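K.L.:
got a predicted structure plus its sequence, pasted below:
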Amino acid sequence: MANKKNTHIKMLILSLALIVIFLSVEVVSVPVGPTITYVKNETSPNAGLATARSGDRGGYITTVNLNAAQQNYAWKAYVGNVTGIMVLENALNYSIYEWPVSLGSSQEVYISRNNSVIWASVSCSNRSIIQAEDTFLSLNSSQSNSINRTFNVSTHRSFSVGAVPISNSTCPAISTFLNDAAQSSGEANKFQEVLLKDSTSNLIYASLVDQDQAGFDNSLYDFQAIVGENEVSGIPTTYYFYVELG
């Protein structure tokens with residue numbers, strides 16, 4: 001009788017241990033690091049070029065108005081397309097099943113200088129974190145091309161980061177250009193970009209996916225994003241990419 005009771009106790013302890021193990025590995029969907037395929041890298045052909053004027057005679061005063069479009073080396077941009085699958089796999093990347101993904105407006109591309117974002121703690125970025133990022137990149141937060149002044153509105157559609165909902169028009173945001181022109185402000189705009197942070201004050205650029213839309217140069221893209229760069233350091237800033245497919 002005692003042996004039977006001990007057996008029941010051992011089985012109960014084993015069952016409880018299994019429950020604890022299953023509970024400890026429960027996770028929610030979070031963005032993942034994608035495979036990055038390089039396509040091209042280009043810049044303005046006008047950088048550093050002079051404009052000549054001739055025919056002005058000596059003894060005359062010539063009045064001229066100068067208008068220039070100078071390349072902004074404090075920023076860089078990433079545009080492209082997103083593909084992928086939903087998968088159930090083990091620690092060695094062996095899949096037991098895979099599901100195709102239909103892109104729509106519920107996917108995001110995340111870009112950050114940090115490779116260990118705490119996704120469960122993500123929320124809208126605040127001005128102090130944005131200004132700290134400006135300082136890191138040697139940008140003046142009061143100047144027009146700073147991150148602080150660039151992301152100076154809060155107009156964007158709602159989305160989710162893993163299990164964390166981000167309500168519409170609550171975070172610093174921009175809408176990047178379409179066909180070489182600015183978009184009017186609106187939550188329905190294409191290629192929106194939103195500033196987020198995590199609990200360790202990592203700044204995250206969130207580019208909201210719009211599948212196969214005509215972008216800044218009328219080519220079809222799924223995302224467009226601009227990120228800050230330190231133009232005085234001489235060393236390109238490394239960014240880490242994450243994708244959330246659904």
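P.N.:
Received it, and whenever you're ready, just let me know what you need.
K.L.:
CA atoms for contacts and neighbours, from now on please.
P.N.:
Will do.
K.L.:
pull the residues that contact the helix or strand containing A206.
P.N.:
Taking DSSP states H and E as the definition, one finds A206 inside strand 203-208. Contact with strand 203-208 is made by 105-113, 125, 129-130, 133, 191-198, 223-225, 227, as judged by C-alpha atoms under 8 Å, 6 or more residues apart in numbering.
K.L.:
now do whichever helix or strand comes after that strand: which elements does it pack against?
P.N.:
Going down the chain from strand 203-208, the next helix or strand is strand 213-214, by DSSP H and E. Where contact means 3 or more C-alpha pairs under 8 Å, 6 or more residues apart in numbering; DSSP states H and E, strand 213-214 is packed against strand 220-221.
K.L.:
can you give me how far the strand it packs on is from the chain middle?
P.N.:
17 Å (C-alpha atoms, centre = their mean, to the nearest Å).
K.L.:
which element follows that strand toward the C-terminus?
P.N.:
Following strand 220-221 toward the C-terminus (DSSP H and E): strand 223-228.
K.L.:
also compute the angle for that following strand relative to strand 203-208, please.
P.N.:
In terms of direction (axes from the mean of the first three to the mean of the last three C-alpha atoms, to 10 degrees), strand 223-228 departs from strand 203-208 by 160 degrees.
K.L.:
other residues contacting strand 223-228?
P.N.:
Residues contacting strand 223-228 (C-alpha under 8 Å, 6+ apart): 74-82, 109, 134, 137, 147, 176, 191-193, 205, 207-211, 215.
K.L.:
quick one: end-to-end distance for stretch 88-95.
P.N.:
End-to-end span of stretch 88-95 (C-alpha to C-alpha, to the nearest Å): 6 Å.
K.L.:
quick revisit: pLDDT on the strand holding A206, on average?
P.N.:
Averaging the model's pLDDT scores along strand 203-208 yields 98.
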